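Q: return atomic coordinates for the entry below.
(one chain, ligands or ions: 1)
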Amino acid sequence: MKNEHAARPEGKQTGHGLLFDGVTKGFGGKVAVRDVSLSLNAGERVAVIGPSGAGKTTLLRLAAGALRPDAGAVTFNGSSVTGSTTTLAYQGETLVDRRTALSNVLTGRIGALSWLRGFIEPLLPRHPEPALERLGAVGLVERADVPVKSLSAGERQRVAFARALMQDTAVVLADEPTANLDPSSRRNVIDVLDAALNGELLITVLHDVDLALKHFDRIVGMADGLVRFDTPAPAVTDDQLDSLFAAGASTPDTDAEGTGTEKESEAPVPRYV
Ligand SMILES: Nc1ncnc2c1ncn2[C@@H]1O[C@H](COP(=O)(O)OP(=O)(O)OP(=O)(O)O)[C@@H](O)[C@H]1O
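A: Numbering: from 1, shown residues only. Below you'll find the predicted structure:
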């Protein structure tokens, strides 16, 4: 990342990496994601941009295994995505305020365990080293014992990333991780996340288009549930952006394909951290 804009691998659908293959998802008659095919590979830094209601969060939740497609498939290395494949990093506000940064990061590990181990884990002695390592990766090891309510919004977001990284999954997802930050904290948080990653695929929904273009390699532009473009960041044009956000002004179609009554309860509960 960091403006290197490495040439992205061809979008050939090989079954490796994270693959959306003709994915459609609707909610009660409204199609949120429509026939999306994407091939995303390890190490890529992908920003998903687009107007409100474009389907960005739905795409991320499909990648997390939190939603099941009505049509098509989402796979990682050929198998259906599950919570052990992907981690969806919560926003910093979701941390437990009165607990220390270390304690919050330690709880991230619970999601990576079996349900039984996850149930008894809080009762067992904690081994803080992996959590301290993740806090070190986001530059906050010296703040490990500080209650998160005393941290800045940017620091909280970095703790949330450290917590997500505890799960050691190949795919890290983040939905608007910079939403409540000032511009300089936004850049800092994205840089820190980039530096903390170690070959994982990162997919981030971002409203801040400039941040996406400057700090990510690959930009997926969505509007009305469709992928309007999927382009290396330096190749994104003003015309593409204009028509992307103009498209968002129109109302998404209703259930044209007969897809999509809401069936979220069918999906296994993902490991949100
Ligand atoms: N659980 C749900 N139940 C009903 N409709 C939903 C649900 N989730 C999303 N939608 C609808 O699907 C469409 C896409 O929503 P989504 O949240 O994916 O868009 P988005 O691009 O992330 O929007 P925003 O930028 O405003 O967060 C919207 O019309 C939304 O109202």
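Q: just the helices in the chain please.
A: Applying DSSP state H to the chain gives helices spanning 56-63, 101-108, 115-120, 129-137, 153-165, 183-196, 209-215, 238-247.
Q: mind giving me the packing neighbours of the first one?
A: Put plainly, it is helix 56-63. strand 18-27, strand 30-40, strand 45-49, strand 86-89, strand 171-175, strand 201-205 (3 or more C-beta pairs under 8 Å, 6 or more residues apart in numbering; DSSP states H and E). To be clear about C-beta, it is placed using only N, CA and C from the backbone, and glycine gets the same treatment.
Q: can you give me the offset of that helix from its chain's centre?
A: 8 Å (C-alpha atoms, centre = their mean, to the nearest Å).
Q: kindly report the same for the longest one.
A: Here helix 183-196 shows a centroid-to-chain-centroid distance of 15 Å under the convention C-alpha atoms, centre = their mean.
Q: please apply the same query to the fifth one.
A: Using C-alpha atoms, centre = their mean, the distance from the centre of helix 153-165 to the centre of the chain it belongs to is 13 Å.
Q: quick one: it to helix 101-108, angle?
A: Interaxial angle, helix 153-165 versus helix 101-108 (axes from the mean of the first three to the mean of the last three C-alpha atoms, to 10 degrees): 30 degrees.
Q: need the residues of the stretch 1-150 of the chain near the ligand, please.
A: Contact residues, the stretch 1-150 of the chain versus the ligand (C-beta under 6 Å from any ligand atom): 27-28, 30, 32, 50, 52-58.
Q: most widely separated two among those?
A: Gly28 and Gly50 (21.3 Å; C-beta to C-beta).
Q: report pLDDT for the spatially most central residue of the chain.
A: Note on the chain: the residue nearest the mean C-alpha position is Leu173, at 1.8 Å, using C-alpha atoms, centre = their mean. Looking at Leu173, its pLDDT stands at 93.
Q: and it, how far from Lys149?
A: 26 Å (C-beta to C-beta, to the nearest Å).
Q: with Leu213 instead?
A: 34 Å.
Q: do Pro51 as well
A: 34 Å.
Q: these two: which is more packed in?
A: Set side by side, Pro51 and Lys149 show more neighbours around Pro51, with 18 against 11, by other C-beta atoms under 10 Å.
Q: could you verify my assumption that that one touches Asp242?
A: No. The pair Pro51 / Asp242 is not scored as a contact, 11.5 Å apart, by C-beta atoms under 8 Å.
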